[in-house]
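Participant: Here is my input, please return the structure:
(one chain, ligands or ions: 1)
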Amino acid sequence: MGATMSDNWIKLVPVDARYIPDRARQVRAMIRFAEIAPNAEIDAGHCETVKFFDCGANFKLVRCPACGEQVAVEWWQDRMDKDSGEGFQLVAYELPCCKTKCTLNDLVYDWPQASGKFVLGAINSNIKTLKDEHKSELEDILATKLRVVYQHLSSAAGQSVADDRAGMTVFRATTFLAAGPASERRCSVTKRDN
Ligand SMILES: [Zn+2]
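Facilitator: Okay, here's the model as predicted:
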């Protein structure tokens, strides 16, 4: 049986692309996310520049947030190239459909994608989707509204795990004691090499 290897990330990105939660909030969110998404590898990354977190093979189309018209993928890719330098600048561009001005982070992506300086991620968890109540909990912990990006990476397409992490400081929750009340669990956080 030639099982196809693939990876699925659930990535949570602040709606305000430039917001980075403080360290204590990041750690609390990692601990809670590990409870919500069992057996997943959880990490949190931040960066001084704005990154783009795509949905991988789940990507279907882009729409205008004002009129709902589909945006040509070529137009979008061209603006993605133009907008990125030292991270994404998130300049407001005039859309071809109805002349609405918006940034790449304001566009409606199917499936959702997000720009940001901070990401909380879980890879290959036992949950397919994040419940609204759990999303709200993590929003409270991180003190921000969040966008949820479901990123599907298939090794067949030669996509590597976490290639959007380049240049990010990534912290990984490596030790959770499963027993005992949450207040007594310990989380050891190590810094990754990348
Ligand atoms: Zn429009």
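
Participant: What ranges does this structure have for its strands?
Facilitator: Assigned by DSSP state E, the chain shows strands spanning 6-14, 41-53, 61-63, 70-71, 84-85, 87-88, 93-94, 101-102, 108-110, 114-123, 146-154, 169-176, 187-191.

Participant: Out of those strands, the one nearest Glu35 is which?
Facilitator: strand 169-176 (8.2 Å; Cβ to Cβ). Quick note: C-beta positions are derived from backbone N, CA and C, even for glycine.

Participant: Mean confidence (pLDDT) on that closest one, please.
Facilitator: Average pLDDT, strand 169-176: 67.

Participant: Tell me which other helices or strands the longest helix along the chain touches.
Facilitator: Taking DSSP state H as the criterion, the chain has its longest helix at helix 23-36. Other helices and strands packing on helix 23-36, by 3 or more Cβ pairs under 8 Å, 6 or more residues apart in numbering; DSSP states H and E, are strand 41-53, strand 114-123, helix 132-142, strand 169-176, strand 187-191.

Participant: how about a cut-off of 6 Å?
Facilitator: strand 41-53, helix 132-142, strand 169-176 (3 or more Cβ pairs under 6 Å, 6 or more residues apart in numbering; DSSP states H and E).

Participant: just the ones you listed: most buried one?
Facilitator: Ranked by mean neighbour count, the helices and strands packed on helix 23-36 are led by strand 41-53 with a mean of 20 (mean count of other Cβ atoms under 10 Å).

Participant: residues from this structure in reach of the ion?
Facilitator: 64, 66-67, 69, 95, 97-98 (Cβ under 5 Å from the ion).

Participant: got the helices and strands packed on helix 23-36 as JSON lines, with distance to Asp7 columns?
Facilitator: Converted to JSON lines, those look like this (distance: least, Cβ to Cβ, whole Å):
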{"stretch": "strand 41-53", "distance to Asp7": "10"}
{"stretch": "helix 132-142", "distance to Asp7": "21"}
{"stretch": "strand 169-176", "distance to Asp7": "15"}
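
Participant: tell me which residues of stretch 89-105 are tucked away?
Facilitator: Across stretch 89-105, burial judged by 16 or more other Cβ atoms under 10 Å covers 90, 93, 95, 97, 100, 102-105.

Participant: helices and strands of the chain: which one has the lowest mean pLDDT?
Facilitator: Taking mean pLDDT, DSSP states H and E as the measure, strand 187-191 is the helix or strand of the chain with the lowest mean score, a mean of 50.

Participant: pLDDT wise, what is Ala3 at?
Facilitator: 45.

Participant: So, low pLDDT: which residues of the protein?
Facilitator: 1-5, 156-163, 174-194 (pLDDT under 70).

Participant: Next up, the contacts around Lys101.
Facilitator: 92, 94 (Cβ atoms under 6 Å, 6 or more residues apart in numbering).

Participant: Give me the subset of the residues of the chain next to the ion that lies in helices.
Facilitator: Short answer: the residues of the chain next to the ion have none in helices (DSSP H).

Participant: With distance to Ile123 added, can I get the residues you listed in a markdown table?
Facilitator: Below are the residues of the chain next to the ion laid out as a markdown table (distance: Cβ to Cβ, whole Å):
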| residue | distance to Ile123 |
| --- | --- |
| Cys64 | 32 |
| Ala66 | 35 |
| Cys67 | 36 |
| Glu69 | 34 |
| Leu95 | 34 |
| Cys97 | 36 |
| Cys98 | 38 |
